[in-house]
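**Q** With the input below, show me the fold.
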Amino acid sequence: MRSRLARYLLTLVLPSGLLCLIFLSSLYHEEQARVRRDLMVAESLRLSVGARSLTSDIDRIVSDVRLMATLPSLAAALEYNDAPSAARFADDLVALSASRRVYDQLRWIDESGVERVRVDFLQNRPYVVPEDRLQNKALRDYFKATMALEPGQIYVSPLDLNIEQGRVETPFKPVIRLAIPVSDKTGQPRGIVIANYFGSYLLEKFVDVTKAGDANVRVNLLNGDGYWLRAPQPADEWGFMLGRQDHFGTRYPEAWRRIAGSEDGQFEDEHGLWSFVTVHPRHALLQLPRNPKALVDDSDYVWKMVSRIPPDVLMRAANQNLGGWILITLLFMGALFVGCMVLARAHRRRDVMAENLRALNRRLEEKVRLRTEELHQQAIRDPLTGLFNRRYLDETLPREIHRALREEESLAVAMIDLDHFKNFNDQWGHEAGDAVLLGVAEALLDGLRASDIACRYGGEEMLVVMPGADAEEAVKRIETIAAGVRSMGTCVMGRDLPPVTFSAGVATLPEHGDNAEQLVRAADRALYMAKETGRDRVLVVRPSGAGE
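**A** Got it, this is the predicted structure:
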């Protein structure tokens, strides 16, 4: 009897146990694949954010360089070429340096290469360099390259270390130079104006936005030759300025061959999982000059952002739930054995155990469903405010416009931007700024209908899609929310923050456009008018072709 029972149990346990192991193994490998996909997506997003942080800073510097080139005081200095005119231009550069606080040097260099006006930022304040300390920069690459440009073109230098009197300045001072040629009113070239931007600000911001939870996962910033501009080990940085031969390409030759040959991508080798993106800081800014030989390098200057997840980190991520899976496997096998015992002794107990197994499967499926929903929400929500993100907006707005056009319903889009938010951040700190953004987001959610869609568009900008709302209703709804924001009380670390306001621009379908790009552009134009006319107001853009 016992041998028959044993054979019966073996007949049930062995095939069933094998199937369960295969099933659990497939689930485990699927979980590992999902974890790997999540890591790759997270790295891609991190590099994308880093690239945006680098190029956005360059855009701001370009605006300031163009401002310097169009100052009336510079025009007077070019025309009269006397000390009083140069002094007035120096005063304007002092004001610009003091307000921005990010420029190591602001200069006018004449057509012979001699510095005529130079304002340094020393000890946290602007300083006008005396005439006897001005230098001749005629042989510097950036001067020759800029003088070869057409009027209005911008030169962007490589990111390197500042050189004074022919030597690398210590302590190291990373700079990136943007320059533009200037001419007098007769069109004769009269030199260049140039801004030396503190590269440390750009690099520190880059490190902040690309920081990962695991200290072993750091993003490398490389120049086009593979030398480190920012490295996990500071001793590796600026090798090309210090005459060192060691760089990323000598340390990881096979990985560098693949990275240098592509714009972006991801791959895995014995060193771990590599992710990389190419940034073109000169893209759309530096055009070919009249004489390309005047440039030191007329090829496209690039930065390579490269992250590496080491094999041990990949292994930890893949096996982070291994203990749970082993426990689940043991539970399955134990339950199966008990079930087989029950089947051998009584059909009634077999049915009970079968139901328990089905319940366990349902719980596992529910966990998978909840986790999938959680990941979906993370993909479409802004982590700070809880509003929908730009990605969700890009997917949803065209769909809502199509529905509204098909059903002949109105639809309004409102672009919102917090007034003076940069000054607020500078005065009260980013923690206070985050608290204000969160408060404004809560006010939006409280003041909108369930069918309205509130998204964080970028920085302090938010965009609201209001299906079924015309311009009047949209303005009324946004003004109600604005009143709530003005009366909103925010306290951070025991400090009561001052009230905040926002400006908003409203565009409607079909008056201001019949696609997402046109509506957003129209709302942004109305927002610009709201800011230009005093801020803290809501304006509707006038339809195209409307009278002045």
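
**Q** contacts, neighbours, all on C-alpha from now
**A** Noted.

**Q** Now do the same for Val342: its pLDDT.
**A** Looking at Val342, its pLDDT reads 64.

**Q** before we move on, what about the one 3 residues further on?
**A** Looking at Arg345, its pLDDT reads 65.

**Q** cool, Cys491 as well?
**A** 68.

**Q** Kindly report the same for Ala69.
**A** Ala69 is assigned 94 on the pLDDT scale.

**Q** Adjust the sequence numbering to begin at 31 for everything that follows.
**A** I'll keep to 31 as the first residue from here, and by that count the last item is Ala99.

**Q** wait, what's in contact with it?
**A** 210, 212, 223 (Cα atoms under 8 Å, 6 or more residues apart in numbering).

**Q** Next one: Val568 from Lys203, what distance?
**A** Between Val568 and Lys203 the distance, using Cα to Cα, to the nearest Å, works out to 45 Å.

**Q** if you count what's nearby, which of these two comes out ahead?
**A** The neighbour comparison of Val568 against Lys203 (other Cα atoms under 10 Å) goes to Val568, with 25 against 15.

**Q** Next, count neighbours for Lys110.
**A** No Lys there; residue 110 is Tyr. There are 12 residues near Tyr110, going by other Cα under 10 Å.

**Q** What does it show for phi and psi?
**A** Dihedral angles of Tyr110 (phi, psi; degrees, to the nearest 10) stand at phi -90, psi -30.

**Q** how near is it to Ile139?
**A** 16 Å.

**Q** Repeat that for Phe236.
**A** In this view, Phe236 and Ile139 are 31 Å apart by Cα to Cα.

**Q** What residues does Ile224 make contact with?
**A** Counting by Cα under 8 Å, 6+ apart, Ile224 touches 95, 136-139, 207-210.

**Q** can you put those residues in TSV and add secondary structure, distance to Asp255 and neighbour count?
**A** Below are the contacts of Ile224 laid out as TSV (DSSP: H, G, I helix; E, B strand; the rest coil; distance: Cα to Cα, whole Å; neighbours: other Cα atoms under 10 Å):
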residue	secondary structure	distance to Asp255	neighbour count
Val95	helix	28	19
Leu136	strand	29	27
Arg137	strand	29	23
Trp138	strand	31	28
Ile139	strand	30	25
Arg207	strand	19	25
Leu208	strand	21	23
Ala209	strand	23	30
Ile210	strand	26	26
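
**Q** wait, which of the residues you listed is closest to Glu547?
**A** Comparing the contacts of Ile224 against Glu547 with Cα to Cα places Val95 closest, at 29.7 Å.

**Q** pLDDT value on that closest one, please?
**A** Val95 carries a pLDDT score of 95 in this model.

**Q** Show me the strands in the stretch 431-578 of the chain, by range?
**A** All strands of the stretch 431-578 of the chain, identified by DSSP state E, counting those that start in this stretch, fall at 441-448, 483-488, 491-497, 521-522, 525-526, 532-539, 568-570.

**Q** next one: the last one to chain centre, how far?
**A** Taking the mean of its C-alpha atoms, strand 568-570 sits 29 Å from the chain's own mean (Cα atoms, centre = their mean, to the nearest Å).

**Q** Show me the contact partners of it.
**A** Residues outside strand 568-570 that contact it (Cα under 8 Å, 6+ apart): 501, 505, 508-509, 533-537, 553, 556-557, 559-560.

**Q** Average pLDDT for it, rounded please.
**A** Strand 568-570 comes out at a mean pLDDT of 92.

**Q** next one: the third one
**A** Averaged across strand 491-497, pLDDT comes to 93.

**Q** Check which helices and strands it sits against.
**A** helix 420-437, strand 441-448, strand 483-488 (3 or more Cα pairs under 8 Å, 6 or more residues apart in numbering; DSSP states H and E).

**Q** Mind putting those into TSV with distance to Lys167?
**A** As requested, the helices and strands packed on strand 491-497 are exported to TSV (distance: least, Cα to Cα, whole Å):
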stretch	distance to Lys167
helix 420-437	45
strand 441-448	43
strand 483-488	40
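
**Q** Switch these over to TSV; also include mean neighbour count.
**A** Formatted as TSV, the helices and strands packed on strand 491-497 follow (neighbours: other Cα atoms under 10 Å):
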stretch	mean neighbour count
helix 420-437	15
strand 441-448	26
strand 483-488	21
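
**Q** Looking at the ones you listed, spot the one closest to Arg66.
**A** That would be helix 420-437 among those, by Cα to Cα, at 21.8 Å.

**Q** just curious, which of the contacts of Ala99 is nearest to Ala242?
**A** Ile210 (37.5 Å).

**Q** and that closest one, what is it in contact with?
**A** By Cα under 8 Å, 6+ apart, the neighbours of Ile210 are 95-96, 99, 176, 179, 181-185, 222-224.

**Q** Which of those fall within helices?
**A** 95-96, 99, 176 (DSSP state H).

**Q** can you put the residues you listed in a markdown table and add distance to Pro262?
**A** Below are the ones in helices among the contacts of Ile210 laid out as a markdown table (distance: Cα to Cα, whole Å):
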| residue | distance to Pro262 |
| --- | --- |
| Val95 | 32 |
| Arg96 | 35 |
| Ala99 | 39 |
| Thr176 | 34 |
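
**Q** now, which of those residues sits nearest Ala128?
**A** Within the ones in helices among the contacts of Ile210, proximity to Ala128 (Cα to Cα) peaks at Val95, which comes in at 15.1 Å.

**Q** May I have the phi/psi pair for Gly543?
**A** phi 150, psi 160.

**Q** mind checking pLDDT for the nearest residue to it once chain neighbours are set aside?
**A** Leaving aside its chain neighbours, Gly543 sits nearest to Leu549 (5.4 Å; criterion: Cα to Cα, 6 or more residues apart in numbering). Looking at Leu549, its pLDDT reads 92.

**Q** what about Leu549, neighbour count?
**A** Residues lying near Leu549 (other Cα under 10 Å) number 26.

**Q** just how off-centre is stretch 433-440 within its chain?
**A** 34 Å.

**Q** again with stretch 557-568
**A** Distance of stretch 557-568 from its chain centroid, counting by Cα atoms, centre = their mean, is 26 Å.

**Q** buried stuff in it?
**A** Buried positions in stretch 557-568, judged by neighbour count with 16 or more other Cα atoms under 10 Å: 557-561, 565-568.

**Q** ok, now stretch 182-192?
**A** Neighbour counts over stretch 182-192 (16+ other Cα under 10 Å) mark 183-192 as buried.

**Q** try stretch 142-150
**A** Neighbour counts over stretch 142-150 (16+ other Cα under 10 Å) mark 143, 145-150 as buried.

**Q** JSON lines for the residues you listed, including distance to Phe454?
**A** Formatted as JSON lines, those follow (distance: Cα to Cα, whole Å):
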{"residue": "Gly143", "distance to Phe454": "41"}
{"residue": "Glu145", "distance to Phe454": "37"}
{"residue": "Arg146", "distance to Phe454": "36"}
{"residue": "Val147", "distance to Phe454": "33"}
{"residue": "Arg148", "distance to Phe454": "31"}
{"residue": "Val149", "distance to Phe454": "27"}
{"residue": "Asp150", "distance to Phe454": "27"}
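
**Q** Cys50: which of those residues is nearest?
**A** Cys50 lies nearest to Asp150 out of those, by Cα to Cα, at 72.4 Å.

**Q** roughly how far apart are the closest one and Phe532?
**A** Separation of Asp150 from Phe532 (Cα to Cα) stands at 36 Å.

**Q** again, but for Ala261
**A** Distance, Ala261 to Phe532, using Cα to Cα: 40 Å.

**Q** again with Ala72
**A** Between Ala72 and Phe532 the computed distance is 32 Å (Cα to Cα).

**Q** Same check on Asp171?
**A** Counting by Cα to Cα - Asp171 and Phe532 are separated by 45 Å.

**Q** Check Glu509 too.
**A** 10 Å.

**Q** So for the two, which residues contact both of them?
**A** Counting by Cα under 8 Å, 6+ apart, the shared contacts of Glu509 and Phe532 are Arg567.

**Q** Nice, that's everything, thank you.
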